[in-house]
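Q: from the sequence below, what's the structure:
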Amino acid sequence: MAGSQIERVFNVLESLASDPHGWPLQGLAEQLQIPKSATHRLLAELMRLGYVRQNPENLRYHLSTRLVAMGFRYLSRSGADIVQPVLDRLARDTGELVRLGVIEGDCQTWIAKSQGARSGLRYDPDMGREAPLFYTASGHAWLACMSDAEALALVERQVNQVPTQELGPNAPRNTDELLEYLRRAREQGYACVEQSSAVGTSAIAAVVRHPLDGRVVGVLSVAGPSARMTRARLQALAPTLLAFAEELSHASQASELFS
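A: Model prediction:
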């Protein structure tokens, strides 16, 4: 994983962010495919700047809270206070996990959520992850706004696909099956998956568009255990989801999250 010095720094930070238990020096060097000595220099500099810390007991390297604090400062000043109440109301109305993904270049990243399930089964993944496009409702909702050729090209460029064995039984297995999902999403006006991204989870998603030029700036989704999120319930939730996506579309002008 060679590259510029800046690229190496960000690769270090992304690797450290992937595991809260931290990384040993040798393991991180092997993960990044750069010499151990170069990895040590990068870590030493990041520690000096306050972005990385080392556990004195097991010598593993961890992210410090400095990047987290930066992220929260950015969100607090970028209009997240406008978006979050909308997510909270949708989560309360549905009783399920609500997530917002924002579009930036070729990526859709989940940046905000609200959990509506207060007891029983809960689906509650981490935020800050890039939404896989091939097998998630959020990915399908965005891809369905493109031509088939554009959608397939974007999927080809995405690098964070997971091995097939980690997916649910209804995940598309090839491009033809993906295109069938996208065809249905275009017809319905929203995307819907049942046990696609994982066994036992289902989701529904709709795009958020900029009110002036109509471009897709985000994706709003509702997800939860398939035991509750049956096909009938997914369809029943669609009008509510679309109404909240429309509300976010109007609010997007006031938030830098959608710029």
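Q: how's the protein carved up into domains?
A: What automatic domain parsing lists as the domains of the chain is 5-64, 77-258.
Q: isn't there a helix covering residue 111?
A: No - using DSSP: H, G, I helix; E, B strand; the rest coil, the assignment for residue 111 is strand, not a helix.
Q: what number of residues lie near it?
A: 21 (other CB atoms under 10 Å). Where C-beta positions appear, they are placed from N, C-alpha and C, glycine not excepted.
Q: ok, it to residue 20 distance?
A: To residue 20, residue 111 is 19 Å away according to CB to CB, to the nearest Å.
Q: equivalent analysis for residue 99, please.
A: Counting by CB to CB - residue 99 and residue 20 are separated by 21 Å.
Q: cool, and residue 206?
A: Taking CB to CB, one finds residue 206 at 32 Å from residue 20.
Q: mind checking which of these two has more residues around it?
A: residue 206 (29 against 9).
Q: check contacts around residue 140.
A: By CB atoms under 8 Å, 6 or more residues apart in numbering, residue 140 lies in contact with 133, 178, 181, 182, 185, 191, 193, 205.
Q: the residues you listed: which two are farthest apart?
A: Largest separation among the contacts of residue 140 by CB to CB: 178 and 205, giving 14.9 Å.
Q: looking at those two, which is more packed in?
A: More neighbours surround residue 205 than the other of residue 178 and residue 205, with 27 against 22 (other CB under 10 Å).
Q: and the more buried one, that one's in a helix?
A: No - looking at residue 205 with three-state DSSP, it is strand, so not inside a helix.
Q: neighbours of residue 92, just the number please.
A: With other CB under 10 Å as criterion, residue 92 counts 12.
Q: skipping adjacent residues, who's closest to it in space?
A: Leaving aside its sequence neighbours, residue 92 sits nearest to residue 116 (CB to CB, 6 or more residues apart in numbering; 5.7 Å).
Q: any idea which residue is closest to the centre of this protein?
A: residue 110 (3.2 Å; CA atoms, centre = their mean).
Q: in the protein, which spans are helices?
A: 5-17, 25-32, 36-49, 66-77, 80-94, 137-143, 148-157, 175-188, 231-251 (DSSP state H).
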